[in-house]
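*Asks:* what would the 3D arrangement of this be:
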Amino acid sequence: MVLGLVFHPWPNGVRVPTVPPTTEKLTRMGDDTRQKAKRQDQLRAELPPFLRDMLTAPPRAGEGVHSWLFRVARQLHAHLPAGEIVNLLLNRVQGCGRQVSRKEIEDAVKNSIAAAWQPKSHTGSVQSAAKWPAINKEQREREPGGQRSH
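*Replies:* The predicted structure follows:
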């Protein structure tokens, strides 16, 4: 260490001087990390229990991490903005046994928007569609064998 500089070797063997972070900067970095962790704990506390359970137990590599990302993101859209969903999922898949890229998570969040769960609306009743069309009596009578005797 020379005059507060730290020399880090680059792959080609050149030593590049860098200034180490000050104690104040390290403290701020730690505070930021603590604040993010606290925010994620608050977010999880506000989520429904089944969703907290899903976030608590992400699958291991080879057990469906990719589909889990989609399923969880689909549920989270009703509770969080997309950016927070990405950050939360990034945090949850760390240590799953494989490298999960930010792009993979962003794609899962983006692709799950169309299938996002939405709370039921109580603005009016929903009418269900008939499974079969109404009977056309005229057509039935014209068809051979259409008339039935009772």
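*Asks:* when you work out contacts or count neighbours from here on, use the C-alpha atoms and nothing else.
*Replies:* Will do.
*Asks:* nearest spatial neighbour of residue 82, chain-adjacent residues omitted?
*Replies:* residue 109 (6.7 Å; C-alpha to C-alpha, 6 or more residues apart in numbering).
*Asks:* what pLDDT does that neighbour get?
*Replies:* At residue 109, the model reports a pLDDT of 95.
*Asks:* which stretches of this protein have low pLDDT?
*Replies:* Scanning the chain for pLDDT under 70 picks out 1-33, 35-45, 121-128, 145-150.
*Asks:* what's next to stretch 68-88, contact-wise?
*Replies:* 40, 47, 51, 54-55, 58-59, 89, 102, 105-106, 108-113, 115-119 (C-alpha atoms under 8 Å, 6 or more residues apart in numbering).
*Asks:* coming back round to it: with just CA atoms, put the helix or strand hosting the residue nearest to residue 82 into CSV.
*Replies:* Per DSSP states H and E: residue 109 is located in helix 102-112. Below are the C-alpha coordinates for helix 102-112, written out as CSV (Å, rounded to 0.1, in the frame of the first residue of the first chain):
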residue,chain,number,x,y,z
ARG,A,102,-30.8,-10.9,-14.1
LYS,A,103,-32.0,-11.2,-17.7
GLU,A,104,-33.7,-14.6,-17.0
ILE,A,105,-35.5,-13.0,-14.0
GLU,A,106,-36.4,-9.9,-16.0
ASP,A,107,-37.8,-12.1,-18.8
ALA,A,108,-39.8,-14.1,-16.3
VAL,A,109,-41.3,-11.0,-14.8
LYS,A,110,-42.1,-9.5,-18.2
ASN,A,111,-43.6,-12.7,-19.6
SER,A,112,-45.7,-13.3,-16.5
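*Asks:* quick one: contacts of that helix?
*Replies:* 66, 69, 70, 71, 73, 74, 82, 85, 86, 89, 90.
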